[in-house]
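Novice: coords below, sequence missing:
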């Protein structure tokens, strides 16, 4: 029987069927992450489980479950300003607890790099709300990667870590419940162990590190300059993907899990819209999106939760004088829940009624009456 901990520390490249939450741990190992902190909460606790499947003396990093998300964030921040790549992870509402510290981080010089893994929860599968943490990212000027399957979780963590180290700023890897828990065969790279060094590399000349009065304004300017450089990266990210189906009338802009729901819905369709899949939801690749809008009569934005990309795309089209019809959230229910295939199909058919075959022509699963049950919390969770 395969042991997860041994797989995650294997030195040779390999592929294995794993959860998104396990794939990201292998990415941490390969990328040389030195400090990992967390506060447990669904959909991210299996990240901690995968870490703890590695024998403690074999881990090439320090790991702790902190007393809360704010402390976890500050420990990871401390590691980064000491020159060591760090990662903190928690569930969606955990960012509320960490926010007092988080919103300052993009103004700092994080010389070691820092990846923040957030497990958002569209559908409130195990959370008290459906908050959309892309709002926090924009408030703090923090870039956001949007993986859609376990392979992308692995690859985008590595990309986020590289970008974070280059820009000396935190980068968010935004997961959601079904990306965390999805299983797929993931192709991993090799791992070359090196001596885990925790030597302090803090240099006050990289400061200031205390955002007060005029210093805060100087630090904000620096954060905005970095964000402009990230925006240039976003234009050319290898994880932007255009499905060019030769349809100049209809285009769809999406990212993450909704992209794969869309592919599922379009399977077997006689025609398809062009699809632009975003690598990052912030900052947006405005040049690429301007071109996409100019090349289509209508663009539908498929995004879970709040109409953030929709609003920014409409503003971009207005500023550029593009005569394109942009559609997004049309009903209250569009703001609620996950964009699973059934919901994606309804939204697509509402906008373009002739695009898909009539629903009765599709094979459907037998509907069963399933009784409601209370939310299940993780074993050992203090909130039980």
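Specialist: The structure has been received and is ready for your questions. These figures come from a predicted structure and were not determined experimentally.

Novice: would you check that residue 343 makes contact with residue 337?
Specialist: Yes: in this structure, residue 343 is within contact of residue 337 by CB atoms under 8 Å, at 6.6 Å. To be clear about C-beta, it is placed using only N, CA and C from the backbone, and glycine gets the same treatment.

Novice: neighbour count winner among the two?
Specialist: Neighbours per residue, other CB atoms under 10 Å: of residue 343 and residue 337, the larger number sits with residue 343, 19 against 15.

Novice: and the pLDDT at that one?
Specialist: Each residue has a pLDDT score; the one for residue 343 is 96.

Novice: next, the distance between the ends of stretch 266-280.
Specialist: End-to-end distance of stretch 266-280 (CA to CA, to the nearest Å): 23 Å.

Novice: pLDDT on it, on average?
Specialist: Stretch 266-280 comes out with an average pLDDT of 93.

Novice: please apply the same query to stretch 209-221.
Specialist: In this model, stretch 209-221 carries a mean pLDDT of 94.

Novice: and if you look at stretch 369-379?
Specialist: The predicted model assigns stretch 369-379 a mean pLDDT of 76.

Novice: how about residues contacting that stretch?
Specialist: 40-42, 45, 126, 383-384 (CB atoms under 8 Å, 6 or more residues apart in numbering).

Novice: repeat for stretch 277-290
Specialist: 134, 137-138, 142-146, 148, 156, 174, 227, 230-231, 234-235, 237-243, 253-256, 259, 276, 303, 308-309, 312-313, 316-317, 320, 322.

Novice: list the buried residues for it?
Specialist: 277-286, 288-290 (16 or more other CB atoms under 10 Å).

Novice: I figured residue 303 was touching residue 311, is that so?
Specialist: No: under the criterion of CB under 8 Å, residue 303 is not in contact with residue 311, lying 10.3 Å apart.

Novice: in terms of neighbours, single out the busier of those two.
Specialist: residue 303 (25 against 14).

Novice: residues contacting the more buried one?
Specialist: Going by CB under 8 Å, 6+ apart, residue 303 touches 254-255, 258, 281, 309-310, 328, 339.

Novice: how about 7 Å then?
Specialist: 254, 258, 309-310 (CB atoms under 7 Å, 6 or more residues apart in numbering).

Novice: rewinding a little: looking at the buried residues of stretch 277-290, which is nearest residue 109?
Specialist: Nearest to residue 109 among the buried residues of stretch 277-290, counting by CB to CB, is residue 283 at 19.7 Å.

Novice: shaky segments in the stretch 1-150 of the chain?
Specialist: 1 (pLDDT under 70).

Novice: what ranges does it have for its helices?
Specialist: Counting by DSSP state H, counting those that start in this stretch, the stretch 1-150 of the chain has helices at residues 4-8, 20-31, 45-52, 69-81, 94-102, 134-140, 150-167.

Novice: same list (those) but as a markdown table, adding distance to residue 181 and mean neighbour count.
Specialist: Below are the helices of the stretch 1-150 of the chain laid out as a markdown table (distance: least, CB to CB, whole Å; neighbours: other CB atoms under 10 Å):
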| stretch | distance to residue 181 | mean neighbour count |
| --- | --- | --- |
| helix 4-8 | 15 | 17 |
| helix 20-31 | 7 | 26 |
| helix 45-52 | 8 | 21 |
| helix 69-81 | 21 | 23 |
| helix 94-102 | 17 | 20 |
| helix 134-140 | 21 | 18 |
| helix 150-167 | 10 | 23 |
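
Novice: in JSON lines: those helices, plus distance to residue 63.
Specialist: Formatted as JSON lines, these follow (distance: least, CB to CB, whole Å):
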{"stretch": "helix 4-8", "distance to residue 63": "13"}
{"stretch": "helix 20-31", "distance to residue 63": "10"}
{"stretch": "helix 45-52", "distance to residue 63": "5"}
{"stretch": "helix 69-81", "distance to residue 63": "11"}
{"stretch": "helix 94-102", "distance to residue 63": "17"}
{"stretch": "helix 134-140", "distance to residue 63": "24"}
{"stretch": "helix 150-167", "distance to residue 63": "16"}
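
Novice: nearest to residue 114, of those helices?
Specialist: helix 69-81 (4.2 Å).

Novice: pull the residues that contact that closest one.
Specialist: The contact list for helix 69-81 (CB under 7 Å, 6+ apart) reads 34-35, 37-39, 64, 66, 86-88, 90, 94, 97-98, 100-102, 105, 108, 110-114, 202.

Novice: buried residues, stretch 259-270. List them.
Specialist: Buried residues in stretch 259-270, counted by 16+ other CB under 10 Å: 259-263, 265-266.

Novice: a markdown table please, covering those and showing secondary structure and distance to residue 78.
Specialist: What follows is the buried residues of stretch 259-270, written out as a markdown table (DSSP: H, G, I helix; E, B strand; the rest coil; distance: CB to CB, whole Å):
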| residue | secondary structure | distance to residue 78 |
| --- | --- | --- |
| 259 | helix | 36 |
| 260 | helix | 37 |
| 261 | helix | 39 |
| 262 | helix | 41 |
| 263 | helix | 42 |
| 265 | helix | 46 |
| 266 | helix | 47 |
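
Novice: so where do the helices sit in the stretch 151-300 of the chain?
Specialist: With DSSP H, counting those that start in this stretch as the criterion, the stretch 151-300 of the chain has helices at 177-181, 213-236, 256-266, 286-294.

Novice: show me the contact partners of the second one.
Specialist: Spelled out, it's helix 213-236. Under CB under 7 Å, 6+ apart, the answer for helix 213-236 is 106-107, 141, 143, 163, 167, 169, 208, 211, 279-280, 283-285, 287-288.

Novice: do the first one as well
Specialist: Contacts with helix 177-181, where a contact means CB under 7 Å, 6+ apart, come from 19-21, 43-44, 119, 121, 123, 125, 147-149, 153, 256-257, 338.

Novice: swap in 10 Å and give it another go.
Specialist: Helix 177-181 is contacted from outside by 19-24, 42-47, 89, 91-92, 117, 119-127, 146-150, 152-153, 175, 256-257, 260-261, 338-340, using CB atoms under 10 Å, 6 or more residues apart in numbering.
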